[in-house]
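Chemist: pasting the sequence and the predicted model now:
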Amino acid sequence: MNHYGVILRKLRELNQLTIKQAARQIERSSGWISQIENGRGAARLKADEFEKIVEAYNGEKYRKQFGGWIARAKIQVQAPREVSFNGPILKYLRTKAKLTIGQAAKKVGLSNGHLSDMENGVKQLSDDLRDKLMRIYGYSPASFRNFTDTDKRAKNIPARYKLNLLLRKLNEDEVEKVFAFVFEQVCTQSN
């Protein structure tokens with residue numbers, strides 16, 4: 001969890017600033033602010049820069065509340081995460097149909113990136129779009145459920161596709177724990 005991000009988001013919201021407005025105010029990009037606030041991505045923030053942003057947001061008067069904001073954010077993070085493997089299922093069916101992401105996206109009228117985001121669980125997938133993709137991939141829309149339950153076809157979805165989706169739902173500390181576990185498994189198997 002990125003404590004700085006939790007605090008800066010709350011301060012930005014208290015100042016009723018959009019991310020774009022905040023970016024102009026602190027002379028950073030919107031993307032950088034978003035990464036800091038969400039605690040994901042490559043953006044990093046040093047303590048002295050954090051203090052400058054708190055000052056720019058007039059946040060000194062809220063300093064006593066920082067701990068409470070962080071505690072509430074931790075509780076929200078620990079809430080159960082909803083996981084849907086619809087994206088990985090469609091990725092599997094697309095590759096099985098021997099279609100590139102570009103070919104499939106063109107047939108359904110989406111950008112490559114948008115379809116990729118849906119396959120990776122970044123963007124939501126409507127039932128209508130799912131049904132359209134199923135037809136493009138050579139399946140009836142009703143057969144989609146066969147890939148989502150205990151049917152033997154559900155076991156054909158590559159675990160890598162599902163794992164990639166799950167990893168995106170974890171914060172950096174959780175990803176580190178998964179990495180440490182997998183690394184240990186690999187190292188003990190090779191000995």
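Modeler: Arrived safely.
Chemist: how about the helices in this protein?
Modeler: Ranges of helices in the chain, per DSSP state H, are 3-14, 19-26, 30-38, 47-56, 66-78, 86-96, 101-108, 112-119, 127-136, 159-168, 172-190.
Chemist: okay, and the helix or strand of the chain with the least pLDDT?
Modeler: When each helix and strand of the chain is scored by mean pLDDT, DSSP states H and E, helix 66-78 comes last, with a mean of 74.
Chemist: and Ser30, how far is that from Arg24?
Modeler: 9 Å (CB to CB, to the nearest Å). Glycine gets a C-beta too; all of them are placed from N, C-alpha and C.
Chemist: so which residue is dead centre in this structure?
Modeler: Nearest to the geometric centre of the chain sits Arg168, at 4.5 Å (CA atoms, centre = their mean).
Chemist: tell me the pLDDT at the closest residue in space to that residue that isn't next to it in sequence?
Modeler: Of all residues not flanking Arg168 in the chain, Gly121 sits nearest, at 6.0 Å (CB to CB, 6 or more residues apart in numbering). Looking at Gly121, its pLDDT stands at 85.
Chemist: same check on Glu13?
Modeler: pLDDT, read off for Glu13, is 90.
Chemist: great, nothing more from me.
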